[in-house]
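Participant: everything below, folded, please.
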Amino acid sequence: MNPRILAVGTANPPNRFSQQDAYRMAGYESQRVLDVFLNSDIDYRHFYIEPQNFSRDETPDQLHERYLRGAMEIGCRAVERCLRTGGLTPREMDLFAVCTCTGYLCPDLGSRLIGPMKFREDVERAPLLGLGCAGAMPTLQRAWDFAAARPGRKALMLAVEICSASYYIDNSLETVVGNAICGDGAAAFVVSTENGGDRRLPEVVDFQTFLDPGQLDKVGFEQREGKLRIILAAKIRDLAAPLIEKSLAALLKRHGLTAKDIRFWVAHPGGRKVIDNVQVQLGLSDEQIRFSKLVYRNYGNMSSATVMFVLDEVARNGDPRPGDWGVMIALGPGMAAETALLRW
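Facilitator: A predicted model of the protein is given here:
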């Protein structure tokens, strides 16, 4: 029996901002930059920021502290919602896997949540760092491997990003685009072979990765003046679809499937041009990609957590039925295309 997702929970900071709000807060004074913000196909994003106390001159220490506070707060809320919807408690969890890329902590974020959330003292931990927008997929695979090897035991995974704590302000196009699309969010899944949970959520059948180390420099973060600065090459929008196709082809072939067999495309919307190019190259209809674009419009790119928000939308509003196939897709640093095969 393949492990399945029993429950999902999502969370965002309470303050939501329009693109005009975000532009003003960033301190840009350029029509060219404003056009990038307004033409992003995003209406709102959530930031872990109190507008009345926000300063564009935060030091690296202040950014780090904001990341820590925000990740703890929304990470805790995502986990609580996930467990509550599944009728579960932290003490029932046997593995706690956490991914993040917008801050670094030691002890890691998961270890810091164990005490306040009252996990068992023998819960296993699995922190995954630096995997960017694709981070939820290797984390899901770690949870899936654990659950498959230990039938009946439960793995909890959490993806949490405070992208607003990694904003570096300059006038280069890649940082402008990053600042125009990235937002803060967290999402959690419980994975197990055990019966129960939300029947609108699928089992996870298989995974496939495709890496192109020759594109290692195209996406990620660099350290500049003690702060994280996004690397987001314009070439990504052209690289994304071919990389995804290579990963997807191997995954579907292994199970005797074609793209026509897939009802739900749970794709991480990296940006407007990225998701549009993926839609065209994979031959997807507007209906097939609508949940990805809906999440992107309402939340922006929340890095690793975003694809989990998309699956939550599919489960709640897509009317999945027994026998439906789905594919979960994310692209991230490495440069890596990650896919997972889902079955309801």
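Participant: ok but residue 115 is inside a strand, no?
Facilitator: No - looking at residue 115 with DSSP: H, G, I helix; E, B strand; the rest coil, it is helix, so not inside a strand.
Participant: and it, how many neighbours?
Facilitator: Counted with other C-beta atoms under 10 Å, residues neighbouring residue 115 total 9. C-beta: built from backbone N, CA, C; applies to glycine.
Participant: how about the helix or strand harbouring residue 147: buried residues?
Facilitator: Using DSSP states H and E, residue 147 falls within helix 136-149. Of all the residues in helix 136-149, those buried under the rule 16 or more other C-beta atoms under 10 Å are 136-148.
Participant: give the contact list for residue 283.
Facilitator: residue 259 (C-beta atoms under 8 Å, 6 or more residues apart in numbering).
Participant: can you give me the pLDDT of it?
Facilitator: Residue 283 is assigned a pLDDT of 93 by the prediction.
Participant: now do the helices in the stretch 101-250 of the chain.
Facilitator: Applying DSSP state H, counting those that start in this stretch to the stretch 101-250 of the chain gives helices spanning 109-117, 136-149, 173-181, 236-254.
Participant: mind putting the ones you listed in JSON lines, distance to residue 282 and mean pLDDT included?
Facilitator: JSON lines is the format used below for those (distance: least, C-beta to C-beta, whole Å; pLDDT from 0 to 100):
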{"stretch": "helix 109-117", "distance to residue 282": "34", "mean pLDDT": "97"}
{"stretch": "helix 136-149", "distance to residue 282": "17", "mean pLDDT": "98"}
{"stretch": "helix 173-181", "distance to residue 282": "21", "mean pLDDT": "91"}
{"stretch": "helix 236-254", "distance to residue 282": "7", "mean pLDDT": "92"}
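Participant: can you give the domain ranges for this protein?
Facilitator: As given by automatic domain parsing, the domain ranges for the chain are 4-192, 203-343.
Participant: sorry, back to before: quick one: contacts of the helix holding residue 147?
Facilitator: Applying C-beta under 8 Å, 6+ apart, the external contacts of helix 136-149 come out as 2-3, 94-95, 97-99, 124, 126, 128, 131, 153-157, 159, 187, 189, 191-193, 204, 207, 209, 304-305, 307-308, 328, 330, 338-340.
Participant: from those residues, list the buried ones, please.
Facilitator: Buried subset of the contacts of helix 136-149 (neighbour count, 16+ other C-beta under 10 Å): 3, 94-95, 97-99, 126, 128, 131, 153-157, 159, 187, 189, 191-193, 204, 207, 209, 304-305, 307-308, 328, 330, 338-340.
Participant: reformat the buried residues of helix 136-149 as a markdown table; add distance to residue 264.
Facilitator: Below are the buried residues of helix 136-149 laid out as a markdown table (distance: C-beta to C-beta, whole Å):
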| residue | distance to residue 264 |
| --- | --- |
| 136 | 16 |
| 137 | 16 |
| 138 | 21 |
| 139 | 20 |
| 140 | 16 |
| 141 | 19 |
| 142 | 23 |
| 143 | 20 |
| 144 | 18 |
| 145 | 23 |
| 146 | 25 |
| 147 | 21 |
| 148 | 22 |
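Participant: which helix or which strand is home to residue 64?
Facilitator: Per DSSP H and E, residue 64 falls inside helix 60-85.
Participant: also residue 7?
Facilitator: Using DSSP H and E, residue 7 maps to strand 4-11.
Participant: name the strands paired with the helix or strand following that strand and say parallel or antiparallel.
Facilitator: Using DSSP H and E, the next helix or strand after strand 4-11 towards the C-terminus is strand 16-18. Taking DSSP bridges as the criterion, strand 16-18 forms sheet pairs with strand 44-46 (antiparallel).
Participant: what about the strands in the stretch 151-300 of the chain?
Facilitator: 155-162, 184-192, 203-211, 219-224, 227-232, 262-267 (DSSP state E, counting those that start in this stretch).
Participant: the worst-scoring helix or strand of the chain on mean pLDDT: how far from the chain's middle?
Facilitator: Lowest by mean pLDDT, DSSP states H and E among the helices and strands of the chain is strand 227-232, with a mean of 85. Computed by C-alpha atoms, centre = their mean, to the nearest Å, the chain-centroid distance of strand 227-232 equals 17 Å.
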